[in-house]
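Return a 3D structure for these sequence lines:
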Amino acid sequence: MAFWDGYASDESMGTFAPIVVYWVYAGFYQLLPPLDNYRLHTRKEEDEKNSVPLAAVVKGVLLQQLVQATVAQGLFLLTSKANTSDGVDAQPSFPVQILQFIVAMFVMDTWQYFVHRYMHQNKFLYRHIHSQHHKLVVTCAIGALYNHPLEGLLLDTFGGAISFLVSGMTARTAVYFFCFAVVKTVDDHCGLWLPGNIFHMFFNNNTAYHDIHHQLQGLKYNYSQPFFSIWDKILGTHMPYDLVKRPGGGYEAKLIKPKD
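Just a heads-up that it's a prediction; the model follows:
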């Protein structure tokens, strides 16, 4: 049983719950006080380096989510009949759902790594598409899904659809998976190193890891997102870092460059 039973279908929840979770979680970060002692960049750096206003970021995210919701509805419509018996979703056992979760995480990471990396390596794609996301040099939670519409479709929406299909999860399991993926992605872009953050404890691919990628020196490193850093380590694009305290407060992810 799920708390939405009797109020909304699993397919509707799988489509719209991740969008609601995005704005609630990103909004939480947006409403926090400055927290200068936990920022990876100063507020001055954010003002100087970021070249897009917040209103444009919100508009871009909403556009991506509109496309995302449209694709999700079509995907669930096509697959729901195969997972339904006598009008009731056939849910696998809990261990099977955990396995599906892990498979979906690996598939999403694999898809996003190679698409993301190619968007950096192809000068045309970077200049005209992926560079939009990098206008936020200093990342912020609300801009986690601020992408060119084509990138949003290829990287996030298609990545999610493929993860769903390959893992074989039902729409109900997908609700939890996509909400978790959204929370993780928002957290990776929040720009804060908060004490007790559970994602920082369990994932090497975290806020500081992704912050390296958004800096000029790290553009060709740390492509992995949103969960693990496996492909970076296997394919030589992993850039280690030291998290050090800034004299004026806050933290800085400093690259550890390989010795000559």
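
CA only for contacts and neighbour counts going forward, please
Fine.

Now do the helices in the protein.
10-31, 43-49, 54-80, 94-121, 123-128, 149-151, 158-167, 171-188, 198-202, 207-214, 230-235 (DSSP state H).

so who does the spatially closest residue to residue 175 that is not a sequence neighbour touch?
Leaving aside its sequence neighbours, residue 175 sits nearest to residue 14 (Cα to Cα, 6 or more residues apart in numbering; 4.3 Å). Residue 14 makes contact with 72, 171, 172, 174, 175, 178, according to Cα atoms under 8 Å, 6 or more residues apart in numbering.

okay, among those, which ones form the most distant pair?
72 and 172 (13.0 Å; Cα to Cα).

Adding mean pLDDT and distance to residue 223, write the helices of the chain out as JSON lines.
Listed next are the helices of the chain as JSON lines, based on pLDDT from 0 to 100; distance: least, Cα to Cα, whole Å:
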{"stretch": "helix 10-31", "mean pLDDT": "96", "distance to residue 223": "22"}
{"stretch": "helix 43-49", "mean pLDDT": "94", "distance to residue 223": "21"}
{"stretch": "helix 54-80", "mean pLDDT": "95", "distance to residue 223": "21"}
{"stretch": "helix 94-121", "mean pLDDT": "97", "distance to residue 223": "6"}
{"stretch": "helix 123-128", "mean pLDDT": "97", "distance to residue 223": "13"}
{"stretch": "helix 149-151", "mean pLDDT": "96", "distance to residue 223": "14"}
{"stretch": "helix 158-167", "mean pLDDT": "97", "distance to residue 223": "15"}
{"stretch": "helix 171-188", "mean pLDDT": "97", "distance to residue 223": "12"}
{"stretch": "helix 198-202", "mean pLDDT": "93", "distance to residue 223": "17"}
{"stretch": "helix 207-214", "mean pLDDT": "96", "distance to residue 223": "7"}
{"stretch": "helix 230-235", "mean pLDDT": "97", "distance to residue 223": "7"}
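
Which of those sits closest to residue 1?
helix 171-188 (9.9 Å).

Residues in contact with the closest one: which ones?
10-11, 13-15, 17-18, 21-22, 25-26, 76, 80, 97, 101, 141-144, 160, 164, 199, 205-208, 210, 225-227.

about what we covered before: can you tell me which of the contacts of residue 14 is closest to residue 190?
residue 178 (18.3 Å).

Could you check how far the closest one is from residue 108?
According to Cα to Cα, to the nearest Å, residue 178 stands 11 Å off from residue 108.

These two: who's more crowded?
More crowded of residue 178 and residue 108, by other Cα atoms under 10 Å: residue 108, with 25 against 22.
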